[in-house]
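Peer 1: pasted the sequence and its predicted model underneath.
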Amino acid sequence: MDTRRSFLHEVAFASALAAAISGEAEAQPSAKKTQEFWDAYFDEAERTDDRPTKDAEASSHLDEKKIVNFLQATDGGLRFSSDIAPKELLNPQEENVVVTVNPGHFRPSSEDHVLIQKSRGSQVRLDWFQKQPLMNLVAPMAWSGLAAWSPVRIDETTKKPTKAPLPPNLTDLSFRDPNAPNAKANNQVILMGGAGKMAVNVTAVRINSKVDAALKATVDYSSIVAPYFGFAPLAIPALRAFTQLIGYLYHRESVLMNAIPIGIVATQSAKAVPGPVNRVNMVSGWYLAVPDDHAGKLKDSMSQLLLDDKSGGWLVHKDADKNLTPAARGQDTRVPDITYMSMNVKVEPLSDVEKRQAKGDA
């Protein structure tokens, strides 16, 4: 897989083969609903105007209880992204920005952990989309990462298989250029005009054993379905094809978090452009993605909770014993039993990043 072209051919061939193999399954209501969700998902991802998303249309493809809320972690506790004031946003001389994205930690609630155990697998997916292209001759691009729970993991202490899958370490999830898959990962998302879109989706899944077995006997697709997979950047239609392949390979059994791509504004001028009221205000710092039915569990303790930078994004109580391991602090009973995914972002003017890279700095 040395070039994007060969990669796309591999995805297209595997997708077509998987579609033929699982043709009968596509008639099932659950498969049809999943397909409708991703159709609506990419329709929104490719939309570049500032009209509000048609709420009725979007909500028909979402589990409203699992719609993602975004919160920012500050020294004073958690706050919803809507509470970030416009004056806090970047105000660069130019409008284009770079958002450096570092996924942190995923933790399911005890209830969601049972769902994942039942299906024997889970996928955590993070997508970013441009609204404006880098050049007029190039379509808007996407950055995407997928982390999966394997059906079986080896316990590092006992060296034996665990009875249930373990959470993926999202720090291993990086965006990579499909033109150079062996190159160093670069988790920098370029948002022209200071605005873009983002989505987090987490599902409990079960592998489609018939499709998996048939594909393995026909084509080597291991390079495009891995525990950690990332693109940076990729054309949106190509990402749609990859998503279709994943849909054939895995049955989507339970939704833990879902989102149609939501608007991101990272500059004051982008915020001033009329748009949907639910856009995420983005400044540098740690963020928490939480399903709607769990967000309410945070309301009485938001001022007492922090995202621990040194541990890679565990949600911890501010008075937790720092001598404990990050995992132990994260399981503190004072931390609400919620499902969440954390990520750290850094927002910078594009010109600053270009000057730094020209000097040979990362």
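Peer 2: Received the coordinates, thanks.

Peer 1: so how far is residue 264 from residue 11?
Peer 2: Using CB to CB, to the nearest Å, residue 11 is found at 27 Å from residue 264. In short, each C-beta sits where N, CA and C put it, glycine included.

Peer 1: swap that for residue 111, please
Peer 2: 30 Å.

Peer 1: quick one, which of these two is more surrounded?
Peer 2: Comparing residue 111 with residue 264 by other CB atoms under 10 Å, the one with more neighbours is residue 264, at 26 against 12.

Peer 1: quick one: that one is in a strand?
Peer 2: Yes. Remark: residue 264 belongs to a strand, assigned using DSSP: H, G, I helix; E, B strand; the rest coil.

Peer 1: show me the contacts for it.
Peer 2: Applying CB atoms under 8 Å, 6 or more residues apart in numbering to residue 264 gives the contacts 99, 128, 191, 195, 196, 197, 198, 279, 280, 282.

Peer 1: relative to residue 335, which of the residues you listed is nearest.
Peer 2: For those, the minimum distance to residue 335 (CB to CB) is 23.2 Å, reached by residue 280.

Peer 1: so residue 256 touches residue 107, yeah?
Peer 2: No. Residue 256 is beyond contact range of residue 107, at 10.9 Å (criterion: CB atoms under 8 Å).

Peer 1: joint contacts of those two?
Peer 2: With CB under 8 Å, 6+ apart, residue 256 and residue 107 have common neighbours residue 339.

Peer 1: the two: which is more packed in?
Peer 2: Per other CB under 10 Å, whichever of residue 256 and residue 107 has more neighbours is residue 256, with 25 against 21.

Peer 1: tell me which element the more buried one falls in.
Peer 2: Assigned by DSSP states H and E, residue 256 falls within strand 250-257.

Peer 1: and what about residue 270, helix, strand or coil?
Peer 2: With three-state DSSP as the criterion, residue 270 reads helix.

Peer 1: now do the contacts for it.
Peer 2: Neighbours of residue 270 in contact, by CB under 8 Å, 6+ apart: 89, 95, 193, 194, 195.

Peer 1: for it, give its distance to residue 192.
Peer 2: 10 Å.

Peer 1: what does residue 133 give?
Peer 2: Taken as CB to CB, the span from residue 133 to residue 192 is 7 Å.

Peer 1: who's more crowded, those two?
Peer 2: Higher neighbour count among residue 133 and residue 192: residue 192, with 18 against 14, using other CB under 10 Å.

Peer 1: can I assume the more buried one is in contact with residue 99?
Peer 2: No. Using CB under 8 Å, residue 192 is not in contact with residue 99, being 11.7 Å away.

Peer 1: confirm that residue 242 sits in a strand.
Peer 2: No. Checked against three-state DSSP, residue 242 lies outside a strand; its state is helix.

Peer 1: what's the burial count for it?
Peer 2: 23.

Peer 1: which element is the residue found closest to it once you drop the neighbours it is linked to in the chain on?
Peer 2: Counting by CB to CB, 6 or more residues apart in numbering, the nearest residue to residue 242 once its immediate chain neighbours are dropped is residue 11, at 5.4 Å. Secondary structure from DSSP H and E places residue 11 in helix 4-21.

Peer 1: what's the following helix or strand after that helix?
Peer 2: helix 29-46.

Peer 1: if I look at the most centrally placed residue in the chain, how far off is residue 292?
Peer 2: The centroid of the chain falls nearest to residue 126 when counting by CA atoms, centre = their mean (1.2 Å). According to CB to CB, residue 126 and residue 292 sit 18 Å apart.

Peer 1: how many neighbours does the closest residue to residue 90 other than its chain neighbours have?
Peer 2: Nearest non-adjacent residue to residue 90, counting by CB to CB, 6+ apart: residue 267, 5.0 Å away. Burial of residue 267 is recorded as 24 neighbouring residues (other CB under 10 Å).

Peer 1: may I have the phi/psi pair for residue 176?
Peer 2: Taking degrees, to the nearest 10, you get phi -130, psi 150 for the backbone angles of residue 176.

Peer 1: hmm, it is touching residue 228, no?
Peer 2: No. Assessed by CB under 8 Å, residue 176 is found out of contact with residue 228, at 9.9 Å.

Peer 1: between those two, which has more neighbouring residues?
Peer 2: Per other CB under 10 Å, whichever of residue 176 and residue 228 has more neighbours is residue 176, with 21 against 18.

Peer 1: quick check: which element contains residue 210?
Peer 2: Assigned by DSSP H and E, residue 210 belongs to helix 209-218.

Peer 1: what touches both of residue 270 and residue 192?
Peer 2: Counting by CB under 8 Å, 6+ apart, the contacts common to residue 270 and residue 192 are residue 95.

Peer 1: which elements pack onto the helix or strand hosting residue 342?
Peer 2: Here residue 342 sits within strand 340-349, counting by DSSP H and E. Judged by 3 or more CB pairs under 8 Å, 6 or more residues apart in numbering; DSSP states H and E, strand 340-349 is in contact with strand 97-107, strand 122-130, strand 285-291, strand 314-317.

Peer 1: could you work out which of those reaches nearest to residue 246?
Peer 2: Closest of those to residue 246 is strand 122-130, at 7.7 Å (criterion: CB to CB).
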